[in-house]
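Asks: have a look at this prediction, sequence included:
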Amino acid sequence: MLSRRDILKASALGALAGGLINTAEADEYRNIVPPTSFEPEKGAKDLYKYQISKSHKRSLPYGWAREATVTQFPISEGVAGVDMTLEPGGLRELHWHAIAAEWAFMLEGRARITIIDPEGTSEVADFGPGDVWYFPKGYGHSIQALEEGAHFILTFDNGHFSEFGTFSITDWITHMPKEVLEKSINMPASIFSKTKQGEAYIVGGKTPPALPLPKNDGGRDDSPLTHRYQLMKQKPFFESDAGSVHLVSSKEFPISKTITGAIEIVKPGAVRELHWHPNANEWQYYISGTGRMTVFSSHGHAQTSDFGPTDIGYVPQGFGHYIENTGDEDLKVLVVLDNGIYQDISLSDWIAKTPNYLLADNFSNQAEDWKDKPKDKLVISRKKK
């Protein structure tokens, strides 16, 4: 199995080829003989794939969570992910994240979020399947399931961030002097007497009342930017008989400054074409269907992996890749990029906009061989019949 050092060396070789590291830094890598393939040994983990279903599940009476950080999935430096469910009334307690912003996609059920920002403005909003939320780094927030319960995927713009290491209000309160609590909120410290010692993480509660809430009891809703975006109710970014892409970046969702998200639906026999992202790492959660991806990391290195529901994929910034539907039902993939500005460069678009004579020189054939080349970017496509 390739070690983390092997991975870094391979990346450095690509950087050396592109002139991205200086001569002194390159000395260590000049005489490295790279492996002929990134295929792992039998029984070893895939480099660009992780089965989050094998992660430790933190289970509590009102919900559970399992995560994938660089600890479980070493290549995933740019994004960490969490699979979480809450039972009806289950509350992911008031908390904040010191080192990462949070971007989430609702898979099933309904949930309510609350959030407060540094200016003291706040928002309360309900979410259903296909909706997205974004909480900037350090903003205080909560998540509570409504009548149906809720299942969602959380992602964070830092692969080293652990959901199990958040700043939780119960953990904070139980470690503060009583007299300080009383001075801070002008109430008796006994108001917190039923709080268990340490972090509650997920607690049980009643199903929240219908919105809107009274203005003097959580219903101010005066945030200048909403933290909610109904992704699957918007017109697709791309759509054809081969599939569709629903995309949300900071352009459509201004609060989401560090993350772009997408739902890619690839029809049977089709492929999310060969492409790369110049400005972001790509994190994937396979929702349904079966797929295959090959990641190309330069210097003759490529690895192919097969994916099914709940599997996670990762593609480092600038690495070429595709997603192919290998089954007989739609392949549905949640894609998260750690940049609020969306960029990609695709093989079809590159070929479409390159002169035929140059393509012929590059691939040692004739200019007329390219007369039927794509006229524009294909995004998702299938072989002509």
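Replies: Received, thanks.
Asks: now Trp370: how far from Ala101?
Replies: 44 Å (CB to CB, to the nearest Å). C-beta: built from backbone N, CA, C; applies to glycine.
Asks: before we move on, what about Asp376?
Replies: Asp376 sits at a distance of 34 Å from Ala101 (criterion: CB to CB).
Asks: these two: who's more crowded?
Replies: Ala101 (23 against 10; other CB atoms under 10 Å).
Asks: ok, now which ones touch that one?
Replies: Contacts for Ala101 (CB atoms under 8 Å, 6 or more residues apart in numbering) come out as Tyr134, Phe135, Pro136, Lys137, Phe156, Asp157, Lys257, Thr258, Ile259.
Asks: including secondary structure and pLDDT, could those residues go into a markdown table?
Replies: Formatted as a markdown table, the contacts of Ala101 follow (DSSP: H, G, I helix; E, B strand; the rest coil; pLDDT from 0 to 100):
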| residue | secondary structure | pLDDT |
| --- | --- | --- |
| Tyr134 | strand | 98 |
| Phe135 | strand | 98 |
| Pro136 | coil | 98 |
| Lys137 | coil | 97 |
| Phe156 | strand | 98 |
| Asp157 | coil | 98 |
| Lys257 | coil | 98 |
| Thr258 | coil | 98 |
| Ile259 | coil | 98 |
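Asks: need those residues in CSV (columns: neighbour count and distance to Lys235).
Replies: Compiled in CSV, the contacts of Ala101 are given as follows (neighbours: other CB atoms under 10 Å; distance: CB to CB, whole Å):
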residue, neighbour count, distance to Lys235
Tyr134, 27, 20
Phe135, 24, 26
Pro136, 20, 26
Lys137, 17, 30
Phe156, 30, 28
Asp157, 27, 26
Lys257, 17, 23
Thr258, 20, 24
Ile259, 26, 21
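Asks: now the two most distant members of these.
Replies: Greatest spatial distance among the contacts of Ala101 (CB to CB): Phe156 and Lys257, at 14.0 Å.
Asks: how many neighbours does Ile75 have?
Replies: The burial count for Ile75: 23, using other CB under 10 Å.
Asks: what helix or strand is it on?
Replies: Following DSSP states H and E, there is no helix or strand that holds Ile75.
Asks: how about it, nearest residue that isn't a chain neighbour?
Replies: Tyr314 (5.3 Å; CB to CB, 6 or more residues apart in numbering).
Asks: please, which helix or strand holds the one you found?
Replies: Counting by DSSP H and E, Tyr314 is part of strand 311-315.
Asks: any residues touching that strand, and which ones?
Replies: So strand 311-315 is contacted by 48-53, 68, 73, 75-76, 79, 81, 276-277, 281-286, 293, 295, 305, 307, 321, 323 (CB under 8 Å, 6+ apart).
Asks: could you flag which of those residues are buried?
Replies: 48-52, 68, 73, 75-76, 79, 81, 276-277, 281-286, 293, 295, 305, 307, 321, 323 (16 or more other CB atoms under 10 Å).
Asks: narrow the residues you listed to those in strands?
Replies: 49-51, 68, 81, 276, 282-286, 293, 295, 305, 307, 321, 323 (DSSP state E).
Asks: what about the helices in this protein?
Replies: 4-17, 23-26, 169-173, 178-185, 347-352, 356-363 (DSSP state H).
Asks: least confident of those helices, on average?
Replies: Across those, helix 23-26 has the smallest mean pLDDT, namely a mean of 42.
Asks: picking up where we left off before, for Pro236, state which of the contacts of Ala101 is nearest.
Replies: Ile259 (19.2 Å).
Asks: show me the contacts for Gly63.
Replies: Met84, Thr85, Leu86, Glu87, Gly90, Arg92, Ala145, Ile202.
Asks: with pLDDT and neighbour count added, can I get those residues in TSV?
Replies: Shown next, in TSV, are the contacts of Gly63 (pLDDT from 0 to 100; neighbours: other CB atoms under 10 Å):
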residue	pLDDT	neighbour count
Met84	98	23
Thr85	98	21
Leu86	98	25
Glu87	98	18
Gly90	98	24
Arg92	98	27
Ala145	98	27
Ile202	97	24
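Asks: CSV for these, including distance to Lys332?
Replies: As requested, the contacts of Gly63 are exported to CSV (distance: CB to CB, whole Å):
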residue, distance to Lys332
Met84, 19
Thr85, 19
Leu86, 22
Glu87, 25
Gly90, 26
Arg92, 25
Ala145, 23
Ile202, 27
